[in-house]
Structures are given as structure tokens and as C-alpha cells.
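Peer 1: What follows is a predicted structure for the sequence shown.
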Amino acid sequence: MQMAESLTSSVPTTAFTLTAQSFDSQGAPTPEPSIQPQEIRHHSYLDMELFLQQINTLHSSITHLYSVGLSARGRELYVMEISTNAGIDQPGKPEIMFVGNLHSNDAVGKEMLLKLVEYLCSSYGSEALVTRLVNSTRVHILPSMNPDGYEMASEAQRYFNTNDFSGGVRYSSNQNTDLSNNFPDQSYGEDFVQPETVAVMNWIKAHSFVLSASVLGGMVGVKYPNSVDSLDEAIFKLITEACIVEPPFPQMSQTCDIPRPQDRNDIKALAPTAGTNMQTWAYQNTGTLGFSIGLGCDQYPQAEDLLTYWKQNHRVLLLFIQQVHFSVRGRVTDVLSGKGIANATIVVEGSQHKVHTSDSGQYWRPLAPGAHKLQVLALGYTTVVVPVRVLETQVEQVDIGLTPELLTQSDGHLKDDEFQNLLEDLSSAHGLEQFVQSLLSTDTLQYRTYRERSEFLQELALSFPHITRLYSLGHSWEFRTIWALEISGSLESPRPTAPKIRYVAGVHGNAAAGPELLLEFAFVLCINYGGNPTVTKLIDRSRIVIVPCVNPDGKELAQEGKCFSTAGLTNARGVDLDTDFLSGSLSVQPETRAMIDLMEGGGFSLSVNLEGGSLLVTYPYDRTTQPAQNEETLKYLAAVYAVSHPSMHFGYPGCQNGPEFVPGGILRGAEFNSHSGSMTDFSMDVSLCPEITVYTGCCLYPPAQQLLLLWEEHRAALFAMLLEIHKGLSGMVRDRKGQPVSDARISVNGSVFVHSDAQGYFHTLLPPGSHQLQFHAKGFQQLLRQVNVSSHQMTSPLVIEFTENSTHFSQGVVLAAAISITVILLLSLLIWHFRSAKFSRIRDGVRWLRHCRHELQMEPIVSEKSPLRGVFVEESESEDDAFYLDQH
């Protein structure tokens, strides 16, 4: 893989540095904008609309005005793109976005972004820095995300002398909704998301924004999301520090209502909130690094103060635009055709944040100085790993070529006959048992202390570095590491379609057999890799994550041979961890948080949790509730484990406590041990991963001499679950141009819903049988498919190709026509009303004049030259004639 020595001429390199001293080529500060005080004022929605249209007309060579959608009350969410050849994906031009007015009463962000639009346009060609930025960057500015709320707040400001409207309004139900925290996360789904938020989410997904910023008042400082990878936190801090303007931000006459940092040097992460903010959502779901830029304590300042705000803050906005150029960038291409590969994924080792290429194959990835490894993945291509070194004084360009994989495609299905035959052999009557008996394993098993367990895992990772990755999920209360061991044949370049399974034990420290069974399972996988063809193929095609002990503190307190003791059941703080997985809770135990972070990382197709105290398998839910939508799948998976065990499926646990008979050896969790906050329920509800709980034996902490027997009883079942993730339904959703369709919804048998990821992939486990699938995606025609799932064969991955919905545009035309007709009717009614009112006034006047003439005629002396005579209407003239004459 080759790296280009320098950037193309269209992308500035040394012209930009990470300091505030590079505002022009001479190092002089940027001149103040040429805007007169009387031009700074608050803009209503109609004022803003007219302003943007005028700017777009006056500077059409560098602007492109478009809308990303409608607000709840039908107002356009206007975006102004500023760049040469605006509206076109151009080589070497990164994209950056600004959003203002998320809060209804936040006029600062809105007005400053409108000034930024005007300043960039009016200064282009005359100011060196602005000219270079516009030539080399695509700047997208959404001045008002909340136009409905702003109109309400401005009305309140004028008539009630208050601006106490902190959020937008959900007009369908008249409930206040804070758009700044209206983005969905694992705890809050998309049901509460407002139309403005949906529009912004779709806008971000449709572009390759490198950086984003919400510009606002009510805060002073530059902030970034709270939950970011440590590798990315370094670049977040660098960008934040680069936007510090010296001298520090001056204190305004107003003070913030709530404690906030008063200096730009106070760099802090955003505090956790209900739902999530735009910056966090963008970081977790797109390739964008998001920031909040607070420009002052006041949100709705007086109009005469707006110029002061602009003078004090415009340099910060320009500095932020500059930072988009300090990225590793390049182009991902097909080595055979040389064409750019759209939507390829770039992942930096040590970070879960993913960046995707644009339609032309371009990418930008901000990184802090140092050595990094880029993993580049694309459907149909061999994954590559590229080393890169980022320097403080140089911007790296790394162009990457991918080699197409030789895949056989037939009738929309991808086939792999060799692996298919392997699954069939292992799924036969005695195939799995013969396989596990052929494996190398240890002759004896023993219990390990925390230190011994840690050393064993570390030795395993050192002995098999090419297929293992040992990492910490976090620490217990007593600061013991909660280890996770990932085993895969493609750790350096993971296959996008490789299913992922999670094995967990030790949630209750006194259930001591589970951790030892998983450690032996990990050892058998590693020691047989490369020697046993079946194990080798399974590891090469899977991602196996093993968490041997979630509760290491409790495990240290438990005592061997105590079958019913509760010593060690809880963590060091006395909390039963299997009641601590409460969705949305911010006060969970550190052990729980470690597992939640792992589960929320996503991508798992199945989870197996080992417990003790009985001999059976339970499936969700553990809480008393309605059966799960996919209960048939859950029952099937539990039955697979039970049947693979030599005695569990008979249904007689034979334990001192618990049920005497369990049909098939499987039971719904709530029927065995009903409780809330279980890890199993959390995995189902939040991470959307089915999880079964295996009770390995009647004794919680059996004597060490029984461990080998337990391993021989459970080893086939553990491998059986690994086989199941390859029998599920999987595939890719794309459009007719071959581009992946993300967030497509796949409904199975009308109830179970699965969503495609950013690469268009989907995967779900289903019981054997025939299943009806419905594929839905916004802007595309619905598709129907029927698939047959076998208990002993791999279901061939589907390739679903969407066709654009041709009725989408026509529906828009019909809607526009209906609105136009309604407007015309309303105008007609108004005109008729005003004409009728005027006619009534004229008619009353004519009657009064007639009455006056009649009285005058009754007097004996009347002059024929009376000046009133010409005013009266002749007898032959009607009231309608008078109205007609008046109108002409």
C-alpha cells in the first residue's frame, strides 16, 4: 500500500496550522467584517428565508440553498452550502456543518450563523483566508433547526417580555420537546423523535461531514461528547484547544443562569442527558466528530448587542472550519478499475468510531499526532490494514486500493459450498459429538483465583496473538479487571459479514463453574486452531467474545464446595448485578457499566450466559411481561443447547431446590426466577441481541474434581451455539446503483423487526421453517421475500435490491397542488368578505343621503343650485349602480 507524499493542489496543507495566528498569509489577524450595526437584527422565519434567498442570488457562484426537510408546522429547514461548485462532491474538499437555534429561544446561534453566511460570501475574493476556506471546503450552515419554537419565543419576547421557551414544541400533542436532546440512543428509541430531528439525522447520513458544530447561546466554551474512545478524545481536545481565542472570551453583561465554564480554556465533556444530543448521536452513528460552540450566556440578546457577539466570535467559527483540514485523508479505489469505492468503512485501531467514504471514494479521518493503523473494509473486497504516522506539521494523504473478492453469485444468493458442508456434518446426529471428542484439551481442570485467571488469559493472548485480543471492559469496585477475550481469524481485518457471539459467566460470583468452563472453551479454541480444520474454519468465520467473570470481587468471596451458599452472589457493594441492568439508569454498578458498554457496542447475534444452581436453560424475559416477539426463536435456541447436553433435555434437573420437571429442559426466565433488571432482558431490549441463560448444574460451587465432567457435558452445547449464528438469516440491502441502504427495516412474519446497519448488512436468528420477510426503506418500494431456514444448513445470505418509489415525487406534487388550491380558496373568501363589508357601508351611506334629500324637498324654499343636488343619486339609479360607480 502506497502513501502519497503530498496532497493535491486543491487541498491546502501548510496554509493551515493548528494555531490562531494563520488567519492570512502574513500572520495578521482577520479584519473585522464589513457589516454595519444597523444590519444586525433578529430575523423572523420569513426574514431569514428572504435573506438566504437574496444571498443565494447575489453569490450564486459559491452558494447552494437547499432544504433538508420540514418542521412540525411545515416550515422549511434551510441549509446554505458555501463552496466553489457548491452542491457537487468534489475531489479534495471535506465537508463541515453548522447548526443553530436548537433551542427555541436561542437567537445567538441563529443570528451568528446568518452573519457567517453573509461574511463568507461577501469576503470571498477579497480576504485571503476566507477565499482559501471557500475554495477548499464545503461549508453547510443550517441557521435554524427549530423555526417553530423560535417564532413562539420571539412572540413571547415582544409581547410578554420573556424568553422562557427552552425547547421546541411537539405540535401534534402540544408537548414541549427539547430538540437538543431529541436524538435517539440505546435507551430512547425513535418513537419520540421529532420531524426536525429526523430531517437533521437524514441530512447527516447523506453527507460525509468530517466535523459538525451546534452554535448556541447560554454557554461559553467549546465542548465535545462525553462518551468517546480514548484515541478520539485526543483529537477532540486538540480541535477544542485550537478554537480557543486569545484573549479569553470577555464577560458579557449577562451571567449564565446555571453554572457553566466562563473561559474557553475550560475544556470539558458534555454532561449525560436523557436521550442524547446531536454531537453524541453523530459520533456513535456516523463519521462525524461533533462539538458544541457556546458564544455567550445570553440566548436572546438585544439586537444592538448582536454586532458585539459577532466581533467577538467570528474568529472562533473560522478557526473551527480550518480544523477540518487537519485530517488523514485520501481515496479508496478498486485496484482493477481505478474507480472510487463508495461507502467503504475506515476504522482506526483502538477506536470503534467508523468513517465512510463519499460517493467518489474520498474519506477524511481526524487523528492526533502519532502512529495509527487504518482498517479499510468494503463489501466484495478484501480488507486491508494500512499504517499511517500523523505529524503535527504535515497533513497525511493515504490513498488505498482494494482488491475485489472472488465471490460466486447466483439468483441473488451468495454461496459457500465448503462451509455449508461443514455445518451439515456438524449438525448431523452424531457429528458434533464426534467433533468435540477429537479436540485437544486439558486432562484436569481446577479453579483459578483472580490473579491466576488474569495470568491465564494473558498467556493465552501472548501464545496466540494472531487470533486473540485481550482487553479490559472496566474494573470492579475493588479495582479488579473485567477481562474480555476476542477470538477470531480476522482480527486485523474483520470480515464485515462475520457473525458475532458473546459467552459470559460469573455475573453471580458464587456460580463458580461457569468461569472455568469458558476458560477451557477459550483454550480449546486456541490450541486447536490451525491443527483442526473445523475449528480453524469456525474461528476464521466468526467473532467470539468471551467474558469469563463479570463479578470478580464476588468470586473471591465464594467458597468451594458450598452448593447453596449466597457468599459471593453480590458484588463488593452488596448489589445483585443481575438486577442492576436497568435501561436508562445512570447509577449502575461499575461491573454492570462494563457489560452495558460491551453490549451497546452492538453487532452481537447471540449471547450465552452461564449460571449455576439448577440444570436447565431459560430464555427471555426474566421479568413478568408479555412473551417476547421472537419467543419461538428464543425457545429454539434454548432447546438447541438443552438437546446438545447429555441429560438436560430430559427435563429432570434433580436439584434440591427448583422445579422437579422442566419440559425439554427449557423454561421462560420469569417462570423460573422472576426479577427485573437482568442482563438477559437488557440484552434483548437495548442491544437487540437474544440471550439464553444456562444453569450448568445443581451445585453453585461444585468441588474441583467435578469440573472436568461438567466440561465434557457442556462442550458440545457451547460449540452448538457457535454453529447457530451461522444458520441465521443474513444479507445486504442496496439500491439499483449498488449503494448500501442503511436503516432499512426488515419485518419477519409481521412482528420481529431487524434493521440494516450503515453498510446495508442485516443478520438475525430464526427457528427452522418458512418465514415471510418485508423490506421497508424510505423512498423505496416495499419488497416481499419468503425464506426457508433449516436446522442443519446455512441459510444463504440474501442480496436485496431496492427500487426507488416513483410515487414519492408524485405524492409531493399532489400535496403541493392541494395546498395551492386551499390557499386560493382562502384568498377568495377574504376578498369576498372585504368587498361585502365595503358594499354594506356604501349602501348605508346612500340610504342616508336619500333620507336627507327627502327632508330637503319637503321644505318650501329649495334652491335648484344647491351644492348637495349633484351628490344625490337619480331615482333611476339603483344601489348596485352606486357601488359600481364607486368601484370605477
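Peer 2: Looks like it arrived, so ask away.
Peer 1: only C-alpha atoms for contact and neighbour calcs from this point on.
Peer 2: Will do.
Peer 1: Sketch out the low-pLDDT regions of the protein for me.
Peer 2: Applying pLDDT under 70 to the chain picks out residues 1-39, 156-176, 185-192, 245-275, 393-394, 405-416, 492-496, 806-820, 823, 830-888.
Peer 1: Geometric centre of it: which residue is closest?
Peer 2: Using CA atoms, centre = their mean, the residue of the chain that lies closest to the mean C-alpha position is Asn285, 3.0 Å off.
Peer 1: List the residues that contact that residue.
Peer 2: Residues near Asn285 by CA atoms under 8 Å, 6 or more residues apart in numbering: none.
Peer 1: Quick check: phi and psi at it.
Peer 2: phi -120, psi -10 (degrees, to the nearest 10).
Peer 1: where along the stretch 501-650 of the chain do the helices fall?
Peer 2: Counting by DSSP state H, counting those that start in this stretch, the stretch 501-650 of the chain has helices at residues 513-528, 533-540, 552-557, 590-600, 631-644.
Peer 1: Tell me which of those is the most buried.
Peer 2: Neighbour counts averaged per stretch over those are highest for helix 552-557, at a mean of 24; criterion: mean count of other CA atoms under 10 Å.
Peer 1: how far is that one from where the chain is centred?
Peer 2: In terms of CA atoms, centre = their mean, to the nearest Å, the centre of helix 552-557 is found 36 Å from the chain centre.
Peer 1: ditto for stretch 325-335
Peer 2: 23 Å.
Peer 1: got the CA positions of that stretch in CSV?
Peer 2: Extracted C-alpha coordinates of stretch 325-335, given in CSV (Å, rounded to 0.1, in the frame of the first residue of the first chain):
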residue,chain,number,x,y,z
HIS,A,325,-8.3,20.1,7.0
PHE,A,326,-6.1,18.5,9.7
SER,A,327,-7.2,15.0,8.8
VAL,A,328,-5.7,11.9,7.4
ARG,A,329,-7.5,11.9,4.0
GLY,A,330,-7.4,10.0,0.8
ARG,A,331,-9.3,8.0,-1.7
VAL,A,332,-10.4,4.3,-1.6
THR,A,333,-10.4,2.8,-5.1
ASP,A,334,-10.8,-0.5,-6.9
VAL,A,335,-7.3,-1.7,-7.9
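Peer 1: who's in contact with it?
Peer 2: Contacts of stretch 325-335 (CA under 8 Å, 6+ apart): 12-13, 16, 94, 339-341, 344, 357, 360-367, 390, 395-404.
Peer 1: of the helices of the stretch 501-650 of the chain, which approaches Leu460 most closely?
Peer 2: helix 513-528 (7.3 Å; CA to CA).
Peer 1: just the angle between that closest one and helix 533-540, please?
Peer 2: Interaxial angle, helix 513-528 versus helix 533-540 (axes from the mean of the first three to the mean of the last three CA atoms, to 10 degrees): 110 degrees.
Peer 1: helices or strands up against helix 513-528?
Peer 2: With contacts taken as 3 or more CA pairs under 8 Å, 6 or more residues apart in numbering; DSSP states H and E, helix 513-528 sits against strand 500-505, helix 533-540, strand 543-547, helix 707-724.
Peer 1: want to throw the ones you listed into JSON lines with distance to Ile800?
Peer 2: As requested, those are exported to JSON lines (distance: least, CA to CA, whole Å):
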{"stretch": "strand 500-505", "distance to Ile800": "22"}
{"stretch": "helix 533-540", "distance to Ile800": "26"}
{"stretch": "strand 543-547", "distance to Ile800": "25"}
{"stretch": "helix 707-724", "distance to Ile800": "23"}
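Peer 1: In PyMOL, how would I select just the buried ones from the contacts of stretch 325-335?
Peer 2: To isolate the buried ones among those in PyMOL, judged by 16 or more other CA atoms under 10 Å, type:
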select buried, resi 12+13+16+94+340+341+344+357+360+361+362+363+364+365+366+367+390+395+396+397+398+399+400+401+402
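Peer 1: where's the residue nearest to the centre of the chain relative to Gln352, distance?
Peer 2: Asn285 is 10 Å from Gln352, where distance means CA to CA, to the nearest Å.
Peer 1: Count the residues that sit near the closest residue to Thr570 other than its chain neighbours.
Peer 2: Excluding the flanking residues, the one nearest Thr570 by CA to CA, 6 or more residues apart in numbering is Asp576, at 4.5 Å. Applying other CA atoms under 10 Å, we find 20 residues neighbouring Asp576.
Peer 1: Same question for the one 5 residues further on.
Peer 2: By other CA under 10 Å, 22 other residues sit near Phe581.
Peer 1: Other residues contacting the one helix or strand Thr197 maps to?
Peer 2: Using DSSP states H and E, Thr197 sits within helix 195-206. The contact list for helix 195-206 (CA under 8 Å, 6+ apart) reads 68-72, 77, 145-146, 179, 182-183, 282, 286.
Peer 1: Assign a three-state SS to Asn135, would you?
Peer 2: Recorded secondary structure, Asn135: helix (DSSP: H, G, I helix; E, B strand; the rest coil).
Peer 1: For Val787, which three-state class applies?
Peer 2: Assignment for Val787 (three-state DSSP): strand.
Peer 1: pretty sure it is touching Gln772, no?
Peer 2: Yes - using CA atoms under 8 Å as the test, Val787 is close enough to Gln772 to be in contact (6.7 Å).
Peer 1: Just flag the most distant two among the contacts of helix 195-206.
Peer 2: Between all members of these, the farthest pair (by CA to CA) comes out as Ala72 and Thr286, at 24.7 Å.
Peer 1: neighbour-wise, which of the two wins?
Peer 2: A side-by-side neighbour count of Ala72 and Thr286, using other CA under 10 Å, places Thr286 first with 22 against 19.
Peer 1: Please report phi then psi for the more buried one.
Peer 2: According to degrees, to the nearest 10, Thr286 has phi -140, psi -180.
Peer 1: where's the residue lying closest to Tyr45 once chain neighbours are set aside relative to Met80, distance?
Peer 2: Closest residue in space to Tyr45, ignoring its immediate chain neighbours: Pro147 at 6.4 Å, by CA to CA, 6+ apart. Going from Pro147 to Met80 by CA to CA gives 15 Å.
Peer 1: Likewise for Phe672?
Peer 2: 59 Å.
Peer 1: Any buried residues in stretch 90-106, and which?
Peer 2: By 16+ other CA under 10 Å, the buried positions in stretch 90-106 come out as 90, 92-106.
Peer 1: Just the endpoints, please. Distance across that stretch?
Peer 2: Chord length of stretch 90-106, first to last residue, is 34 Å (CA to CA).
Peer 1: What is the distance between it and the centre of its chain?
Peer 2: Worked out by CA atoms, centre = their mean, stretch 90-106 lies 17 Å from the chain centre.
Peer 1: related to what we said a few turns ago, okay if I get the helices of the stretch 501-650 of the chain as JSON lines plus distance to Tyr309?
Peer 2: Shown next, in JSON lines, are those (distance: least, CA to CA, whole Å):
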{"stretch": "helix 513-528", "distance to Tyr309": "60"}
{"stretch": "helix 533-540", "distance to Tyr309": "58"}
{"stretch": "helix 552-557", "distance to Tyr309": "54"}
{"stretch": "helix 590-600", "distance to Tyr309": "40"}
{"stretch": "helix 631-644", "distance to Tyr309": "58"}
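Peer 1: Phe320 is nearest to which of these?
Peer 2: Nearest to Phe320, of those and by CA to CA, is helix 590-600 at 30.7 Å.
Peer 1: So which elements touch that closest one?
Peer 2: strand 468-475.
Peer 1: Name every strand pairing with the strand it packs on and say which way it goes.
Peer 2: Strand 468-475 sits in its sheet next to strand 481-487 (antiparallel), going by DSSP bridges.
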